[in-house]
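K.L.:
Next come a sequence and a model predicted from it.
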Amino acid sequence: MELVARCQSGDRAAFRQLVEQYERTVFNIIVSVMGDPTEADDIAQEVFLKVYRSLPTFRGGSQFSVWLYRVTVNQCLDWLKRRRRRSAVMSLDQLVDQSEGDLDFLFKDASPDATETLDEARLQQAIHAALNTLTPDHRVVIVLKDLEGRSQEEIAAILDCPVGTVKSRLTRAREALKERLRPFYEAWKAGGN
């Protein structure tokens, strides 16, 4: 990629172009993985700083975007580890409060009807809460596959693991998400909706 080569040669304007080209996708991945948009700007800065410092070592063995997404996911996982150390135990209520509204742009509200809008908001809140209770490994594969639309092969390259590992994590993550959303579904069904 010509833009990457220009960045590697020290062209700062080219690096600005690179950031502009990928910043939205990197930001969206961060918000989806972290479940908290307030940290996304800081993590994105760290991602692009790390990319800037590491670009001279990028040899093009994989697509630049795959390498960039790997850096992004690794930064998110590092932040999650640090966050976990700081707050050892967090109740589900705190998770719901913390995640409220953070992934709204990922779920479309297609209905102007007030009842349907309320149901959609409740569904979004349930999904946010459920996503935030998944392990980081499971959350990452769900985000990359189901929200970002990446192939299992791309995810394997991003996570630097075998495709079989991605498949098993994805299966387990979807099962866990399904189980966590079951009470919401049963309550919705009992309500006659």
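P.N.:
Cool, got the structure.

K.L.:
what stretches of this protein score poorly on pLDDT?
P.N.:
Counting by pLDDT under 70, the chain contains low-confidence ranges at 1, 83-121, 192-193.

K.L.:
So in it, which helix runs the longest?
P.N.:
In terms of residue count, the longest helix belonging to the chain (DSSP state H) is helix 163-190.

K.L.:
Residue 43 - nearest residue in space that isn't next to it in sequence?
P.N.:
Among residues not flanking residue 43 along the chain, residue 30 sits closest, at 4.9 Å (CB to CB, 6 or more residues apart in numbering). (C-beta placed from N, C-alpha, C; glycine too.)

K.L.:
So which elements touch the helix or strand hosting the one you found?
P.N.:
Using DSSP states H and E, residue 30 sits in helix 12-34. Applying 3 or more CB pairs under 8 Å, 6 or more residues apart in numbering; DSSP states H and E, one finds that helix 12-34 contacts helix 2-8, helix 37-54, helix 64-86, helix 136-142.

K.L.:
hmm, try it at 6 Å
P.N.:
Applying 3 or more CB pairs under 6 Å, 6 or more residues apart in numbering; DSSP states H and E, one finds that helix 12-34 contacts helix 2-8, helix 37-54, helix 64-86.

K.L.:
Residues touching the first one, excluding its own?
P.N.:
Right, the one you point to is helix 2-8. For helix 2-8, the surrounding residues in contact (CB atoms under 6 Å, 6 or more residues apart in numbering) are 14-15, 18, 55-56, 64.

K.L.:
The longest one too?
P.N.:
Helix 64-86 is contacted from outside by 1, 4, 22, 26, 29-30, 33-34, 43, 46-47, 50-51, 136, 140, 157-158, using CB under 6 Å, 6+ apart.

K.L.:
Write a ChimeraX command that selects only the buried members of the residues you listed.
P.N.:
In ChimeraX, this line selects whichever of the contacts of helix 64-86 come out buried by 16 or more other CB atoms under 10 Å:
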select :4,22,26,29,30,33,34,43,46,47,51,136,140,157,158
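
K.L.:
hmm, back to that, ok, which of the helices and strands packed on helix 12-34 comes nearest residue 164?
P.N.:
Smallest distance to residue 164 across the helices and strands packed on helix 12-34 (CB to CB): 18.2 Å, for helix 64-86.

K.L.:
what's the angle from the closest one to helix 12-34?
P.N.:
50 degrees (axes from the mean of the first three to the mean of the last three CA atoms, to 10 degrees).

K.L.:
So which bits of helix 64-86 are buried?
P.N.:
Residues of helix 64-86 classed as buried: 64-69, 71-77, 79-80 (neighbour count, 16+ other CB under 10 Å).
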